[in-house]
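[1] Give me a 3D structure for the following:
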Amino acid sequence: VQLQASGGGLAQPGGALTLSCTVSGFSLNRYAIGWFRQTPGKEREVVSCVTGTGASTYYSDSVKGRFTISRDLANNTVYLQMNNLKPEDTADYYCSAFNPFTVTRYWGQGTLVTVSS
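    Model (predicted):
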C-alpha cells in the first residue's frame, strides 16, 4: 500500500495549486481519502475528504468554497484543487486512506505548500 502526494510548491496569495495523491495496492472504491495539513507546533488537521463511493465530500470551514476534492479512478489518483490561496494555507499537506470496515488507515508523505508574496 502506497500513497504518493505531490504538487506542493510556492504560490502567491490568491493563487492556485493542485495537489495529487496517487495510490497503489488498494482500490479507491474501498477507502475514504482525506487531505490533512500540519504546521510546526500544531496538530494535523483534516482539510477535505471523499468517501469510497465518491458520493460524499467534506471540507473544513477554513477551505470551504476555495478547495475542491476530486477523484480519477482510472489513474488511482485523488486531487485537491486549491484556489484563492491564503498565507494561512501554508503547511505540509498529507493524504490518507481510511477503510471504515477494517478500521485501517494509511498515510502518504507530505508535500509542502507555501503561500507567500
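[2] looking at this structure, which helix or strand does the model trust least?
    Per-element confidence for the chain was summarised using mean pLDDT, DSSP states H and E. The lowest value among helices and strands belongs to strand 104-107, with a mean of 94.
[3] so how far is it from its chain's centroid?
    For strand 104-107, the gap between its own C-alpha mean and the chain's C-alpha mean amounts to 14 Å (Cα atoms, centre = their mean, to the nearest Å).
[4] Show me what counts as buried in that strand.
    Across strand 104-107, burial judged by 16 or more other Cβ atoms under 10 Å covers Tyr106. In short, each C-beta sits where N, CA and C put it, glycine included.
[5] Can you show me the CA trace of the next helix or strand after it as CSV?
    Tracing the chain C-terminally past strand 104-107 and defining elements by DSSP states H and E, one meets strand 111-115 next. Coordinates of the C-alpha atoms in strand 111-115 are reproduced here as CSV (Å, rounded to 0.1, in the frame of the first residue of the first chain):
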residue,chain,number,x,y,z
THR,A,111,4.0,17.8,0.3
LEU,A,112,4.8,21.4,1.3
VAL,A,113,2.6,24.3,0.3
THR,A,114,3.9,27.8,0.9
VAL,A,115,1.7,30.8,0.2
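[6] now strand 111-115, how far from the centre of its chain.
    Here strand 111-115 is found 12 Å from its chain centre; the criterion is Cα atoms, centre = their mean.
[7] so the residue lying closest to Tyr93 once chain neighbours are set aside bridges to which residues?
    Closest residue in space to Tyr93, ignoring its immediate chain neighbours: Arg37 at 4.9 Å, by Cβ to Cβ, 6 or more residues apart in numbering. Bridge pairing for Arg37 (DSSP bridges) gives the partners Glu45, Tyr93.
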